[in-house]
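Asker: Need coordinates for the following:
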Amino acid sequence: MTLDLDTLSEEVLAAAALPMPFGRFKGTPLLDLPEPYVVWFKQQGYPNGHLGRQMALIYEIKANGLEKLLRPILAARKHQTSATQELPENGPPDATTDE
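Answerer: All right, here's what the predicted structure looks like:
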């Protein structure tokens, strides 16, 4: 079995940033959910489908103390995304034009 680290990395980052779609913590990124809440889901059963898989991944991240590794990556990614969105549609202004 071959492990595709790029795909795995994207899956981990996507799970970390995914907002909780329901409940008391609706809108909270999965990585920011309180650990007891995530543990409760592990004990009671994760939701079916994609969300359940993402929550199981978050459980493993939290249980193994990996949050501190992901937070700087997520912050940099968020900063990079917001900086890209601030550029005009046709890119940065050309410094050589006399407007």
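
Asker: Quick check: which ranges of this protein have low pLDDT?
Answerer: Where the chain drops to pLDDT under 70, the residues are 1-5, 8, 83-99.

Asker: For the chain, which segments are assigned as helices?
Answerer: Taking DSSP state H as the criterion, the chain carries its helices at 5-17, 35-44, 50-63, 67-86.

Asker: So which of the ones you listed is the most surrounded?
Answerer: For those, the largest average neighbour count (mean count of other C-beta atoms under 10 Å) is found in helix 50-63, namely a mean of 17. Glycine gets a C-beta too; all of them are placed from N, C-alpha and C.

Asker: still on that earlier bit, want to try a markdown table for the helices of the chain, with distance to Thr28 as columns?
Answerer: Output for these, formatted as a markdown table (distance: least, C-beta to C-beta, whole Å):
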| stretch | distance to Thr28 |
| --- | --- |
| helix 5-17 | 11 |
| helix 35-44 | 9 |
| helix 50-63 | 11 |
| helix 67-86 | 14 |
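
Asker: could I have stretch 32-49 exported to CSV, CA atoms only?
Answerer: What follows is stretch 32-49, C-alpha atoms only, in CSV (Å, rounded to 0.1, in the frame of the first residue of the first chain):
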residue,chain,number,x,y,z
ASP,A,32,-11.2,23.5,18.3
LEU,A,33,-13.9,21.2,19.8
PRO,A,34,-13.3,20.4,23.4
GLU,A,35,-11.5,17.1,23.9
PRO,A,36,-14.2,15.6,26.2
TYR,A,37,-16.8,16.3,23.4
VAL,A,38,-14.7,14.5,20.8
VAL,A,39,-14.1,11.6,23.3
TRP,A,40,-17.9,11.4,23.9
PHE,A,41,-18.5,10.9,20.2
LYS,A,42,-15.8,8.2,20.1
GLN,A,43,-17.6,6.4,22.9
GLN,A,44,-21.1,6.9,21.7
GLY,A,45,-20.4,6.5,18.0
TYR,A,46,-19.4,9.0,15.3
PRO,A,47,-22.0,10.4,12.8
ASN,A,48,-22.2,8.4,9.6
GLY,A,49,-20.3,9.4,6.5
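
Asker: Number the chain from 19, please
Answerer: Okay, using 19 as the starting number, the last item reads as stretch 50-67.
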